[in-house]
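Asks: need a structure here:
(3 chains)
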Amino acid sequence: MGKKCLFCIVLSVVVLSVLIAGCVQMDNTFEDKADVSGGETSVEPAGPVKITLLMPQHPSRHVLNEEDGFYKEIVKRLNIELDINMVVGSDYQAKKNMIIASGGYPDIFCDETKNLVSYIAEGIIMDIKPLAEQYKGQDILNALKDKKDRYSVSDSSGRLLGVPEINDVIWTNSLIIRKDWLNSLNLSVPQTMDELYQYLKRCKKSDLGGDGSTIPYATRDLSYIGIIESVTDNKNGNLAAWDRYEKQYVCDAISDQYKEGLKFLNKLYSEKLMDNEYATTKTQQWEQKVVSGIVGLTYDNISRAVVFNYAWAQQDPNTTYEAMIVPPLKDSHGNQWHEMFSPVSQNVYAISRKNKEIEKSIEFLNYFFTDEGATILNIGVEGITYEIGESGKPQMLVGAEDAINSFNAPDTTSFVGYKTWQPKEMQAGDLYAPIKEFVALYGNFETVAPPMVYTEEEMNIIGSATSIQKYVETSQNEFIMGGKSFEQWDEYVNKVKEMNIEEIIKVYNAVAKRFAEFK
Amino acid sequence: MGKITRIKFINTVFHIFNYCLMSVICCTMLYPFLYMFMASISDPIQVMKNKIVLIPKGITFHAYKMIFTTLNIGQGFKNSTIYTVVGTAINLFFTSITAYAMARKELAFRRFFTKAITFTMFFGGGLIPSYILVKNLNMIDSIWALTIPGAISTWNLLVLRSFFSQIPESLMESAKIDGANEMHILYKIIFPLSLPALATIGLFYAVGHWNSFFSALIFLNSSEKYPLQLMIRYIAIEGGTSDVLQNFNDIIWFQNIRYSVMIVSTLPIIMIYPFVQKFFASGVMIGALKG
Amino acid sequence: MRSINLVNKKAKSWFSYELIKAKNNKLLLFMFSLGLFYYIIFHYIPMIGISIAFRNYKAGQSFFGGNWVGFKHFIDFFNDPYFFQLLRNTMLINVYALVFGFPMPIIFALLLNEIGKKLFKKFVQTISYLPHFISTVIISGMVINFLSSQTGIVNKILVILFDIDPIPFMTRSQYFRGIYTITNIWKSIGWNSIIYIAAIAGVDVSLYDAAKVDGVGRFGKMWHITLPSIKPTIIVLLILAIGHMMSVGAESIILIYNPTIYETADVISTYIYRRGLGVDGSPNYSFATAVGLFNSVVNFSLLYITNWICRKYSDSSLW
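Replies: Below you'll find the predicted structure:
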């Protein structure tokens, strides 16, 4: 009897201790080891300092690695060894969420400001402002001197969430049309929705792309909505859209303007004037279609016009293909304008609380705001990728394409630092001049929507918007593709109202008001 | 007389129908690969305009050249092979020892253990706890994260167990009388007898490793450790062509590159396949029939 | 299998019986412990993580914190406007797989059995296993590329044969279930038929001879002899298929679907993937775990019920 008892007890103790050991192991991810060592190291590391970096990869750029010119320069100049984890854009959120959830925070990682707001509240990342002041981060602070710039990357109590990218090159989106097709159809540049429709119809009829494969209007991802920009005063059926004229947020997904826009899209779709895979075409597929010359009209970043023209010229110096940017159509108040992108990126690089090399991290992030660092980021290294020409301006070195690619890798969805016009001018020179003109003419600088900086309770309300978003998106596709008829429009509007869209609009307007009153 | 002719007629019709059906089935199995190969060597504009059905138009191997000179396909192959070989070895080792032990009635608490193990087929901790566990064991971004958490597949374990349990006890008892212990029995008697079953289970595991991409997606960080399937996913499905396109106007090769990548990664399977398929008929049904 | 008759003994004696076995077969127990430790570490310890389904877990928190919310996440899931759609999609895809996909390998095996020429039979069999070895990634790549309305071969053939407009298969919800089911059939018909072919080969030949004498035709033989003989195999596999009903593989669907066909393609496991990893919106780990738990429980119950039914009404079952 005794022996058996003893055995049972021993067995249960063993099993229990294994279980507890496992639990403790699972649990210790959350112990704050970082606090123990603080920012000081007792022994100065002799070799380069190691910093882990998690960043998204642009699908058509290669993964930044140790062989790249960019990487080597950084190691040389800053004595930093980067442990880079680059994740392809579409998987980035999932991978990053998992890494954060498991407690294995990288030293520096990239994320959208709206996610970082909750991270800083939970203590996962650190406020960059005091760190930049303490260590060599002056250039970062100088770059964000402008109240609006600083506001867009801070949380509601003014803590700096991360280091953004600041673009000299301010883009906008617009319709881009095939000038040679316009000419062969004897049409002038479309100025109304009806003229657009006529152009598309005749493209299809004359089969300008050849072999019956013409796609009059083709875009990528969700850009297709751009064609109805002017109809909706640039609100594009968003769930919460900034109305320039009313100067407040409204829900455009249920507006009549949007309904008109959807009817137009539905007309295009049913008459096969629009890419019938519009909702699933990825960037590369769209690029392939345009470069093959079968697309008559598209909507994207205006720099694409230059890129396409350049590509066509490379293929065949005598090419007739020509892309032209269409001036914006008049909106409901008769104004012609495009929404500008903000110069400050909304994807920023944050420092996690487990970072033990804060001084070096700040130096690294700060570097790209200095002249030296910005140069490397934009045009590389003198003698390797460029040389100073007679005009005193940098010129691309002949035969340096490989080198340039190896410096281009961090030109990903977003990085940090100053991005200037230099690389574009170096590659395609005067081709960008009309772009700058266009932006000056039609780019709208005054009424950019206020940056969205929420409090924690507001984040919770916004969180519930995912269901509404899904419903609106699904309905949008159904209206366009003919799955829902416009008789069912009122039903759709009522459903959205039932899902409590008013609450969400209220939050958006509260945030806008806070910004207006921010000093 | 009429009845027999009628039966003969029906039989003939049936036979013709059957043979035709089987031929059609074979065609549907083979045609996709044939088509992809033909498309990948055709002129890209023709491919994009969907002009290819079976015969290639404007034959060019440019897409293959692009893949082999720029993309790390070789690296992906190497990684996948290493993961498959190491992984399957680990699988076979753990599974066979555990299955053997479970098959022996002399195992203490046998029924309890069987139930506890079957339970894990239905309930699990989920992705996050598994990730945290792997991270705490310092296996992230290493081959171990791909091979150890999946070391035993319960389904394969039960199949192998039921196979072992059919080996007559008398064999093992006579070995015991001769002085062998359990390990000896396992190596000298059981293994030689069960080679077909082990080969089949090994094959199940190997195919699983070769085709997996999700664990690599979750647990691997460095792109030089990516297995082949993950690379293919980016190119064929996600639409990323990263290194392959050096110049922007090479984008017209996009569709060709997709097909070429898929062909290149399927080739090894197709080549090894004839040698391996001999094992199936005997091995597979043995354990499965008895469940 | 002989069952050791312990039913009449008291629990304490069962335990001591097992202990005696342990003492006498230490090596065996040791060999088993390898696998045992594997299961404890990699399957049972992560189960502690299930507790986050009952709490409001946020990134960076401990598994043992407070924040207890009980069944809130389950109730949120049942009240989610898309709950029924997810449930419906999961069940429907499985029903299709069962109704259309399950009989296919059986029919294939039966028909293949009728082929006379050995060489041709072997050839067909060999080719039919091939799709099983092709990875899900490649198959999904084929599906997406072949069904494209602009560059896809399927539409090309349809246009040539029937002179209709290309059908955008991947952006219309109504096609998804068919596409998914057909793809799965294509992939697994050969492989799954192996078991049936082997079982058919094991049927007593004398039964066929007797039937021939009675003048039973080909189909009669199939219906009255072959099928009943392989019934145990069919039932076991059917139970297993039903038991997997709720866990329609997220992987294969994730590779094929896109937002325009969520209406029929979004199933519980893909929903868990998106919500749990924050693919579109902030991740909600607790919610995803709760849904996963719900999934497992339903899976298990279905299996149990099916097994019980089979045990009651036929003589073969899983346990």
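Asks: Other residues contacting the helix or strand where B:Tyr131 lies?
Replies: B:Tyr131 is part of helix B:127-136, with elements assigned from DSSP states H and E. Among residues not part of helix B:127-136, those counted as contacts by CB atoms under 8 Å, 6 or more residues apart in numbering or on different chains are A:25-26, A:28-29, A:98, A:101-104, B:124, B:140, B:145, B:149, B:218-219, C:41-42, C:45-50, C:52, C:63, C:276-277, C:285, C:289. C-beta: built from backbone N, CA, C; applies to glycine.
Asks: can we see that at 7 Å?
Replies: Surrounding helix B:127-136, the residues in contact under the criterion CB atoms under 7 Å, 6 or more residues apart in numbering or on different chains are A:25-26, A:29, A:98, A:101-102, A:104, B:140, B:145, B:149, B:218-219, C:45-46, C:48-49, C:276, C:285.
Asks: Send me it as CSV with only the CA atoms.
Replies: Output of helix B:127-136 as CSV, limited to C-alpha atoms (Å, rounded to 0.1, in the frame of the first residue of the first chain):
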residue,chain,number,x,y,z
LEU,B,127,-1.4,29.6,-33.1
ILE,B,128,-0.2,32.1,-30.6
PRO,B,129,0.6,29.8,-27.7
SER,B,130,2.4,27.5,-30.1
TYR,B,131,4.4,30.4,-31.4
ILE,B,132,5.3,31.5,-27.9
LEU,B,133,6.4,28.0,-27.0
VAL,B,134,8.6,27.7,-30.1
LYS,B,135,10.1,31.1,-29.3
ASN,B,136,10.8,30.2,-25.7
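Asks: From the contact counts, what lies against the helix or strand following it?
Replies: Past helix B:127-136, heading to the C-terminal end, the next element that is a helix or strand (DSSP H and E) is helix B:143-147. When contacts are defined as 3 or more CB pairs under 7 Å, 6 or more residues apart in numbering or on different chains; DSSP states H and E, helix B:143-147 sits against helix B:73-103, helix B:214-219.
Asks: Nearest to B:Tyr31 among these would be which one?
Replies: In terms of CB to CB, the element of the helices and strands packed on helix B:143-147 nearest to B:Tyr31 is helix B:73-103, at 24.5 Å.
Asks: helices and strands around the closest one, which ones?
Replies: In terms of contacts (3+ CB pairs under 7 Å, 6+ apart), helix B:73-103 is packed against helix B:110-119, helix B:143-147, helix B:154-164, helix B:195-211, helix B:228-232, helix C:26-39.
Asks: Please identify which of the ones you listed is closest to B:Ile55.
Replies: Comparing these under CB to CB, the one sitting nearest is helix B:228-232, at 25.9 Å.
Asks: Would you mark the buried spots in the helix or strand that comes right after that closest one?
Replies: Toward the C-terminus, helix B:228-232 is succeeded by helix B:254-276 as the next helix or strand (DSSP H and E). The neighbour-count check on helix B:254-276 (16 or more other CB atoms under 10 Å in any protein chain shown) flags B:254-266, B:269 as buried.
Asks: Alpha carbons only: can I get helix B:254-276 in CSV?
Replies: The C-alpha coordinates for helix B:254-276 follow below in CSV (Å, rounded to 0.1, in the frame of the first residue of the first chain):
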residue,chain,number,x,y,z
PHE,B,254,5.2,38.4,-65.5
GLN,B,255,2.7,35.6,-66.5
ASN,B,256,5.4,33.5,-68.1
ILE,B,257,7.5,33.7,-65.0
ARG,B,258,4.6,32.5,-62.9
TYR,B,259,4.1,29.4,-65.0
SER,B,260,7.8,28.7,-65.2
VAL,B,261,8.2,28.8,-61.5
MET,B,262,5.4,26.4,-61.0
ILE,B,263,6.8,24.0,-63.6
VAL,B,264,10.3,24.2,-62.1
SER,B,265,9.1,23.3,-58.7
THR,B,266,6.9,20.4,-59.8
LEU,B,267,9.6,18.8,-61.9
PRO,B,268,11.5,17.0,-59.1
ILE,B,269,8.3,15.5,-57.9
ILE,B,270,7.4,14.3,-61.4
MET,B,271,10.8,12.8,-61.8
ILE,B,272,11.1,11.0,-58.5
TYR,B,273,7.5,9.9,-58.7
PRO,B,274,7.8,6.8,-60.9
PHE,B,275,10.4,5.3,-58.6
VAL,B,276,8.5,5.9,-55.5
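Asks: pLDDT on it, on average?
Replies: What helix B:254-276 shows for mean pLDDT is 81.
Asks: farthest-separated two in the buried residues of helix B:254-276?
Replies: B:Phe254 and B:Ile269 (24.6 Å).
Asks: contacting residues around A:Glu112?
Replies: Applying CB under 7 Å, 6+ apart, the residues contacting A:Glu112 are A:346-347.
Asks: From start to finish, how long is stretch A:331-347 in a straight line?
Replies: Its start and end residues considered, stretch A:331-347 measures 31 Å (CA to CA, to the nearest Å).
Asks: Show the average pLDDT along it.
Replies: The average pLDDT for stretch A:331-347 rounds to 84.
Asks: Can you show me the strands along the stretch 351-500 of chain A?
Replies: Under the criterion DSSP state E, counting those that start in this stretch, the stretch 351-500 of chain A contains strands at A:386-388, A:394-396, A:417-419, A:443-444.
Asks: Dump the ones you listed to TSV, plus mean pLDDT and distance to chain C.
Replies: TSV is the format used below for the strands of the stretch 351-500 of chain A (pLDDT from 0 to 100; distance: least, CB to the nearest CB, whole Å):
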stretch	mean pLDDT	distance to chain C
strand A:386-388	81	40
strand A:394-396	77	35
strand A:417-419	87	27
strand A:443-444	74	29
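Asks: Out of the ones you listed, which gets nearest to B:Lys176?
Replies: Shortest separation from B:Lys176 across the strands of the stretch 351-500 of chain A is recorded for strand A:417-419, at 74.5 Å, computed as CB to CB.
Asks: Starting from that closest one, tell me which strands it pairs with and how they run.
Replies: Looking at strand A:417-419 with DSSP bridges, its partner strands are strand A:165-167 (parallel).
Asks: after the partner strand comes which helix or strand?
Replies: Helices and strands here follow DSSP H and E; after strand A:165-167, the next one along the chain is strand A:173-178.
Asks: Report the distance from that next one to the chain centre.
Replies: Between the centre of strand A:173-178 and the centre of its chain there are 20 Å (CA atoms, centre = their mean, to the nearest Å).
Asks: Mind checking which of the contacts of helix B:127-136 are buried?
Replies: Listed as buried from the contacts of helix B:127-136 are A:26, A:29, A:98, A:101-102, A:104, B:140, B:145, B:149, B:218-219, C:45-46, C:48-49, C:276, C:285; burial here means 16+ other CB under 10 Å.
Asks: how far away is the residue nearest to the spatial centre of chain B from chain C?
Replies: Most central residue of chain B, judged by C-alpha distance to the mean C-alpha position with CA atoms, centre = their mean, is B:Val207 at 1.6 Å. According to CB to the nearest CB, to the nearest Å, B:Val207 stands 6 Å off from chain C.
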